[in-house]
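Peer 1: Give me a model of this one.
(2 chains)
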Amino acid sequence: EAGVAQSPRYKIIEKRQSVAFWCNPISGHATLYWYQQILGQGPKLLIQFQNNGVVDDSQLPKDRFSAERLKGVDSTLKIQPAKLEDSAVYLCASSLDGGQQETQYFGPGTRLLVL
Amino acid sequence: AQTVTQSQPEMSVQEAETVTLSCTYDTSESDYYLFWYKQPPSRQMILVIRQEAYKQQNATENRFSVNFQKAAKSFSLKISDSQLGDAAMYFCAYRSANFGNEKLTFGTGTRLTIIP
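Peer 2: Coordinates of the predicted model:
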């Protein structure tokens, strides 16, 4: 079974530029999560999708971050414009249906460096 | 809001020995789930073990076991017969049992080094 795929693996941009990350969850997984992991910290949830609907985006900085999950499969996370403090690893995870019994499976992450 | 605290930024253990990683958490909920995740240098987060709060029996997975103390809000991970492949960052995580609140709340992690 293929795992969660993410691209790109690394990205370097200058502040005020835009960037987009892509995630393809495990086939059949209805729930998709985006986490931000700043160096030296644990991951923090940015947004959770159930199919193509948003369940929780309370910690998403909506003035600069946006995310979508068209057709309930792949998802894209965008930052526009980027700030220095956005430098982090962006992790995508998926689970079967988001139920409490479900394990979240993580992708390899996208490491973003904002200069 | 729930918080997870890992007070050991770094730990090291001799190969084949046993090591225990500490985790405490704060919550007002009575039903929840606790996890230990492993993050090797490749950055892929892997589930090591999980514990349901309503279960009194401590979870075990081969060389990995937990000591879950609900009253003390403590959830430590014991790794027996440590192997070189166990070297990684280990994160303790909490998840509510309430519907619609499936996010994981992570601690800051413990970097485990295995000494050959």
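
Peer 1: The spatially most central residue of chain B: helix or strand, and which one exactly?
Peer 2: What sits nearest the mean C-alpha location of chain B, by Cα atoms, centre = their mean, is B:W36, with 3.0 Å. Using DSSP states H and E, B:W36 falls within strand B:32-39.

Peer 1: Distance from the chain centre to the helix or strand following that strand, please.
Peer 2: Per DSSP H and E, the first helix or strand lying C-terminal to strand B:32-39 is strand B:46-52. Put simply, strand B:46-52 sits 7 Å off its chain's centre (Cα atoms, centre = their mean, to the nearest Å).

Peer 1: With stretch B:10-23 instead?
Peer 2: 12 Å.

Peer 1: Ends of it, what's the gap?
Peer 2: End-to-end distance of stretch B:10-23 (Cα to Cα, to the nearest Å): 13 Å.

Peer 1: quick one: average confidence on that stretch?
Peer 2: Averaged across stretch B:10-23, pLDDT comes to 97.

Peer 1: Same check on stretch A:28-42?
Peer 2: Mean predicted lDDT for stretch A:28-42 stands at 93.

Peer 1: so how far does that stretch reach from one end to the other?
Peer 2: 27 Å.

Peer 1: can you check stretch A:34-44 too?
Peer 2: Terminal residues of stretch A:34-44 lie 8 Å apart, using Cα to Cα.

Peer 1: now swap in stretch B:61-80 and tell me
Peer 2: First-to-last residue span, stretch B:61-80, Cα to Cα: 11 Å.

Peer 1: Now do the buried residues in it.
Peer 2: B:64-66, B:68, B:73, B:75-79 (16 or more other Cβ atoms under 10 Å in any protein chain shown). The way it works is simple: take the backbone N, C-alpha and C, and place the C-beta from them, glycine included.

Peer 1: Over to the residue of chain A found nearest chain B: give its phi and psi.
Peer 2: Across chain A, the shortest distance to chain B (Cβ to the nearest Cβ) belongs to A:G42, at 2.9 Å. Dihedral angles of A:G42 (phi, psi; degrees, to the nearest 10) stand at phi -80, psi 160.

Peer 1: check contacts around the residue nearest to it when sequence neighbours are not counted.
Peer 2: Leaving aside its sequence neighbours, A:G42 sits nearest to B:F106 (Cβ to Cβ, 6 or more residues apart in numbering or on different chains; 2.9 Å). By Cβ atoms under 8 Å, 6 or more residues apart in numbering or on different chains, the contact set of B:F106 is A:42-44, B:4, B:37, B:91-93.

Peer 1: just checking, which of those residues belong to strands?
Peer 2: Among those, DSSP state E puts A:44, B:4, B:37, B:91-93 in strands.

Peer 1: pLDDT value on residue 113, please?
Peer 2: If you meant another chain, say so; for now it's chain A. Predicted confidence (pLDDT) for A:L113: 97.

Peer 1: um, chain B though
Peer 2: On the pLDDT scale, B:T113 gets 97.

Peer 1: A:Q6: neighbour count?
Peer 2: 24 (other Cβ atoms under 10 Å in any protein chain shown).

Peer 1: ok so, going back, distance of the residue nearest to the centre of chain B from A:L77?
Peer 2: Here the criterion is Cβ to Cβ, to the nearest Å. By it, B:W36 lies 26 Å from A:L77.

Peer 1: which element is the residue lying closest to B:Y33 once chain neighbours are set aside on?
Peer 2: Excluding its sequence neighbours, the residue lying closest to B:Y33 (Cβ to Cβ, 6+ apart) is B:R95, at 4.6 Å. Element membership for B:R95, per DSSP H and E: strand B:88-96.
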